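# Have a look at this prediction, sequence included:
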Amino acid sequence: MMENGRANIECSITSLLQQLATAYQSLTNYNCNEAIKLFEKLPKAQYNTAWTHINIGRALFETIRYTEAVKAYKQALTLEPYRIEGLEYYSTSLWQLRKVVDLCELANKALSVSLTIPETWCIVGNTFSLQKEHEIALRFFNRAIQLDPYFAYPYTLCGHEYVANEDFEQAKKYYEKAISCDEYHYNAYWGIGNVYLKQENYKQAVNYFKRAIVINPKSAVLYTYLGMAYLHNNQLKEALRGFETAERMDPNNPLNKYQKATVLISMNHLKEGLQVLEELELKVPKEAPVHILIGKVYKRTGEKNKALVHFNKAIELNPKEANTIKILIDHLDNDNDDF
């Protein structure tokens, strides 16, 4: 009887370990939605652990579901209040949501728990980054690197800060260091691609976005940026494919919709482009660039009164661009203007 009981226990442990391994492998392969489902199927005792909720938070983070990620991370801290490992992506989720107060509270908590783990200084650095204190943020990210020189993420965070400061060469150096720590750290490949995009080296931008996609083929954001690089390089068909792939993964991303509309209009598919812009206007009615682009389309189709309505709306939303928009209004009757 005792042997049967021991065998049952061993079988249960083996089954649990297999479930955990399968879920974690899905996460590391960026099959994030599958990973979430697998984590949620864990036995209650294992599901209600900080480790599980931190991994669910990371999966939600990778699929740009920042609000849901924050909830998962908060649940992890409820279960294990003194755990800091794994919370660097929680801080980035709060950064993305512009949650200044919550991020400051998380930083204070991390500082009270440990000054000797790199995640604490990633969190503190993100707090200053959100407040555009880039030099201070860099100091704290470099402290994280001092504590663990093989931790890829703070190198990438440094790269982001250097991009914000328009120091692109330093940014590339840090992204490359991140890759040397972890060759599967797709964020750093995206970072280098973004640097090349800003430097108008679109061919290299395409190369690095593709390399990031090889690692994480489920990221809608990567396909959006790949499409943008193709668009700027005047490879319109390739750009459209990138935006359509991103849209299948994340139908509600405003940036992707705007870029898709831009490439459709560049291909002279005005009706399809306008339809995308009208859908986008319903989602983000206060974005001046959307109204400017709609106005340009109506100008092209000869509907000048409609164009004027949208140009005026853009001025209301962004008075700083009033002079530029007024030039578009002044040229409404000039059919030979470049689009």
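Perfect, I can see it now.
# For Asn165, give me the pLDDT.
On pLDDT, Asn165 comes in at 96.
# Apart from its chain neighbours, what residue comes closest to Ala171?
With Cβ to Cβ, 6 or more residues apart in numbering as the criterion, Ala171 has its nearest non-adjacent residue at 3.7 Å, and that residue is Tyr162. Yep, even glycine has a C-beta here, placed from its N, CA and C like the rest.
# Run through the helices of the stretch 1-150 of the chain in chain order.
According to DSSP state H, counting those that start in this stretch, the stretch 1-150 of the chain carries its helices in the segments 2-28, 32-40, 44-47, 50-62, 66-79, 88-96, 100-113, 118-130, 134-147.
# Mean pLDDT lowest where, among these?
Averaging pLDDT over each of those singles out helix 2-28 as the lowest, with a mean of 72.
# do you know which of the helices of the stretch 1-150 of the chain lies nearest Met249?
Among the helices of the stretch 1-150 of the chain, helix 32-40 comes nearest to Met249, with 10.0 Å by Cβ to Cβ.
# Can you tell me the SS state at Leu274?
With DSSP: H, G, I helix; E, B strand; the rest coil as the basis, the three-state label of Leu274 is helix.
# What is the burial count for it?
Using other Cβ atoms under 10 Å, Leu274 has 19 other residues around it.
# buried residues in stretch 269-285?
Neighbour counts over stretch 269-285 (16 or more other Cβ atoms under 10 Å) mark 269-270, 273-274, 276-277, 280-281 as buried.
# got the CA coordinates for that stretch in PDB?
The C-alpha trace of stretch 269-285 is given here as PDB (Å, rounded to 0.1, in the frame of the first residue of the first chain):
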ATOM      1  CA  HIS A 269      -6.100  52.700 -52.900                       C
ATOM      2  CA  LEU A 270      -8.000  55.700 -51.600                       C
ATOM      3  CA  LYS A 271     -11.300  54.100 -50.800                       C
ATOM      4  CA  GLU A 272      -9.700  51.300 -48.800                       C
ATOM      5  CA  GLY A 273      -7.400  53.800 -47.000                       C
ATOM      6  CA  LEU A 274     -10.200  56.100 -46.200                       C
ATOM      7  CA  GLN A 275     -12.200  53.200 -44.700                       C
ATOM      8  CA  VAL A 276      -9.300  52.300 -42.400                       C
ATOM      9  CA  LEU A 277      -9.000  55.900 -41.400                       C
ATOM     10  CA  GLU A 278     -12.700  56.200 -40.600                       C
ATOM     11  CA  GLU A 279     -12.500  53.100 -38.400                       C
ATOM     12  CA  LEU A 280      -9.500  54.600 -36.700                       C
ATOM     13  CA  GLU A 281     -11.200  58.000 -36.200                       C
ATOM     14  CA  LEU A 282     -13.900  56.200 -34.200                       C
ATOM     15  CA  LYS A 283     -11.300  54.700 -31.900                       C
ATOM     16  CA  VAL A 284      -9.000  57.700 -31.500                       C
ATOM     17  CA  PRO A 285     -11.200  60.800 -32.400                       C
END
